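J.: here is the input, now give the coordinates:
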Amino acid sequence: MDMLIKLYALGELFPVAPPGVLLRKPLGPEHAFVTQWVAQRFGALWSSEAGVALANRPVSLFMAQRQGQLLGFACWDATARGFVGPLGVAQIARGQGLGAALLRACLHDMRAAGYGYAVAGHVAAPRFFERAAGALEIPDSSPGLYAGLLR
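T.: Here you go, the predicted model:
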């Protein structure tokens, strides 16, 4: 299922990371490290999308790090224009609000780029997107854009 997020209604949903966690966009020398990290934890498909987001100008990928350790990432305009995701947090860092902070960083970046809406595609955790961003289910959206995806 795909979900729709009203970017113009973000209001107070700012990207607030837990204490000691830095949200930022990777620098050029970090791109290979980020895509390899994503591939190891989330697979080749997400790593490909991370690579697209890193190639965008401006870069459309945020990462979360603590003390030099990568903890998570989120992309936008990686699968298709106007899409947010993929988004992934390392197992050891889940449940700390990193996913929501990364998602909101992407959504605010999209809004600043002129988008009115974002689509979260092929959502596996709809409750997360509802809570973190007020996302709404798009009826009849499965498999949507992902129909016929090569694997």
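J.: any idea which helix or strand comes after the helix or strand hosting F62?
T.: Under the criterion of DSSP states H and E, F62 resides in strand 61-66. Going down the chain from strand 61-66, the next helix or strand is strand 69-76, by DSSP H and E.
J.: which strands and helices sit next to that next one?
T.: helix 31-42, helix 44-55, strand 61-66, strand 83-89, helix 98-112 (3 or more Cβ pairs under 8 Å, 6 or more residues apart in numbering; DSSP states H and E). Where C-beta positions appear, they are placed from N, C-alpha and C, glycine not excepted.
J.: at 6 Å what do you get?
T.: helix 44-55, strand 61-66, strand 83-89, helix 98-112 (3 or more Cβ pairs under 6 Å, 6 or more residues apart in numbering; DSSP states H and E).
J.: any idea which of these gets closest to L22?
T.: strand 61-66 (5.3 Å; Cβ to Cβ).
J.: so what sits opposite K6 in the bridge?
T.: Bridge pairing for K6 (DSSP bridges) gives the partners Y117.
J.: and it, how far from R111?
T.: 10 Å (Cβ to Cβ, to the nearest Å).
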